[in-house]
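*Asks:* Give me a model of this one.
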Amino acid sequence: MKDFNKEIKSWIFYDFGNSAYATTVIAAFFPLFYASYWSNGLESLQATQYLAFALTIINLIILVSAPIIGAVTDYKRLTKILFIIFTLLSIVSVASFYFIPMGKWLMALILYGISFFSFASAVVLYDKMLVYVASEDQLTKVSSYGYALGYLGGGLLFALNAFMVLQPETFGLSNEAEAVRWAFITVSVWWFIFLLPLAINYKDREVEKTGNLKEVLGGFVSTFRDIQKNKNVLLFLFAFFLYIDGVHTIMSLAAIFAENIGIDQSAIIVALILVQFVAFPSTLFWSYIGNKYDDKVVLYATIFIYICVVIYSTALTNSSEFYVMAVLIGSVQGGIQAASRSFFSKIIPTNKSGEFFGFYNTFGRAGSVMGPALVGMFIGIFNNLQIALVPIIVLFIAGGFLLRYVKYPNEII
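*Replies:* Okay, the predicted model is just below:
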């Protein structure tokens, strides 16, 4: 870290802040509070199905908009301002969760959709910034540090929030529900604090182009054609689309999965804390492997471990086994994300990073459309959440198979 300049450190520490959303909101308290509070009056499997389909709709919207956002910011010097706007919109949406009454599941899903869309849109621009703040030889290290510090930051706040929920009277709160509502407020405050350094220190670099919206969209179409011609990038995006589907589906539904098989909420919270604190050193470990060998080695290894996780989940029956699953997920979650971002940044043209990263996040969100949709359909068919996770194995295997044909630029003759 001491070799990094102020801008790189600000970029890394934004992940320290925004990961509170990924941990406290996405992975833990939104699905748990949705299941036990906001969906009051719905059957548990029906509530899970609604959440899965809501995620599908949200990610379809992101699927369409992400590359356009990237194209607009490549065309005009708008990366920083749009990044700040989307982040603030998500921060405000999360804070509004505090005011949603019991049983208002539709209102909860709508506000969650706004927060998730804004979070994902900001990530498109955050990922784009990576190729500007870091030199090529720093990409793997900086990307990994971002994810590692993200898990540490998200884990620290989540640990505090978990203690609030498990011991609400210690904080002067009346019950668990009030503690969860205050946890959403802490996420917004924490996230805003760590937004400030990057908002102040990041400087837009891309060359400003002139023109109107038609020309901006024309640039988007041009980039789509460029990607179609660049077989190496296109192949990686298809591989990424497949394996990241499994990653995002597990992240989004792990808590409600455990709730539905009868694991106590306190055990789920402990398991999710385990994920964060295992992920911090593990991501740094995978960074070392990626630097010593290459990012593809990391991707193959983490995909294999994810396949083992899904197989293991089909026989899960108690909290001790869920803790083991949490450790396994934590050991690979940051590694596969950081290596994917780093590898992609090395095979794309820098001058079109915004548009290319728009497509990168689009393919990631497309995977997140298919996974929850499959889970929702399999719940309807089999009425069994554990069976519904099985198709994810095929996606991991197919993604790993395609990845073996993707090459670094210096390997292409």
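
*Asks:* what residue ranges in the protein score low on pLDDT?
*Replies:* Filtered on pLDDT under 70, the chain yields the residue ranges 1-2, 74-76, 206-220, 223, 351-355, 358, 362, 364-369, 410-413.

*Asks:* longest helix anywhere in it?
*Replies:* Ordering each helix of the chain by length in residues (DSSP state H) puts helix 44-75 first.

*Asks:* tell me the helices in the stretch 301-413 of the chain, going along the chain?
*Replies:* 319-347, 353-382, 385-388, 391-403 (DSSP state H, counting those that start in this stretch).

*Asks:* do you know which of those helices lies nearest Ile81?
*Replies:* Judged by CB to CB, the one of those that comes nearest to Ile81 is helix 353-382, at 13.3 Å. Backbone N, C-alpha and C define where each C-beta goes, glycine included.

*Asks:* so which strand or helix has Gly113?
*Replies:* Assigned by DSSP states H and E, Gly113 falls within helix 105-133.

*Asks:* next structured bit after that helix?
*Replies:* Once the chain leaves helix 105-133, the next helix or strand it forms, by DSSP H and E, is helix 139-166.

*Asks:* Give me the angle between the very next helix or strand once past the longest helix of the chain and helix 105-133.
*Replies:* Moving toward the C-terminus from helix 44-75, the next helix or strand (DSSP H and E) is helix 79-96. Helix 79-96 and helix 105-133 are oriented at 150 degrees to each other (axes from the mean of the first three to the mean of the last three CA atoms, to 10 degrees).

*Asks:* which residues sit against helix 79-96?
*Replies:* With CB atoms under 8 Å, 6 or more residues apart in numbering as the contact definition, helix 79-96 has outside contacts at 18, 21, 25, 69, 72-73, 111-112, 114-116, 118-119, 121-122, 125-126, 128-129, 184-185, 187-188, 191-192, 195, 199, 202-204, 206, 354.

*Asks:* next one: stretch 39-57
*Replies:* Here stretch 39-57 has contacts from 31, 34-35, 102-103, 105, 108-109, 112-113, 116, 252-253, 256, 259-260, 368-369, 372-373, 375-376, 379-380, 383, 385, using CB under 8 Å, 6+ apart.

*Asks:* shouldn't Gly155 be in contact with Leu272?
*Replies:* No - contact criterion CB atoms under 8 Å: Gly155 and Leu272 do not qualify, at 9.0 Å.

*Asks:* Quick check: neighbours shared by those two?
*Replies:* Thr23.

*Asks:* ok, the nearest residue to Tyr112 once chain neighbours are set aside to Ser115 distance?
*Replies:* Once flanking residues are discounted, Tyr112 sits nearest to Phe30: 6.0 Å by CB to CB, 6 or more residues apart in numbering. Using CB to CB, to the nearest Å, Phe30 is found at 9 Å from Ser115.

*Asks:* can you check Ile69 too?
*Replies:* Ile69 is 16 Å from Ser115, by CB to CB.

*Asks:* could you list every residue that touches Pro168?
*Replies:* Ser174, Asn175, Glu176, Glu178, Ala179 are the contacts of Pro168 under CB under 8 Å, 6+ apart.

*Asks:* How many residues are close by Ile387?
*Replies:* If you count neighbours by other CB atoms under 10 Å, Ile387 ends up with 13.

*Asks:* check contacts around the closest residue to it other than its chain neighbours.
*Replies:* Distances taken as CB to CB, 6+ apart place Phe378 nearest to Ile387, at 6.2 Å, with adjacent residues excluded. Going by CB under 8 Å, 6+ apart, Phe378 touches Asn384, Ile387, Ala388, Val390, Pro391.

*Asks:* Distance check, Phe378 against Asp137.
*Replies:* 44 Å.

*Asks:* Give me the buried stretch members for stretch 96-105, please.
*Replies:* Within stretch 96-105, the residues scored as buried using 16 or more other CB atoms under 10 Å are Ser96, Phe97, Ile100, Lys104, Trp105.

*Asks:* Who are the contact partners of the second one?
*Replies:* Translated: Phe97. So Phe97 contacts Val25, Phe30, Ala108, Leu111, Tyr112, Arg181, Phe184 (CB under 8 Å, 6+ apart).
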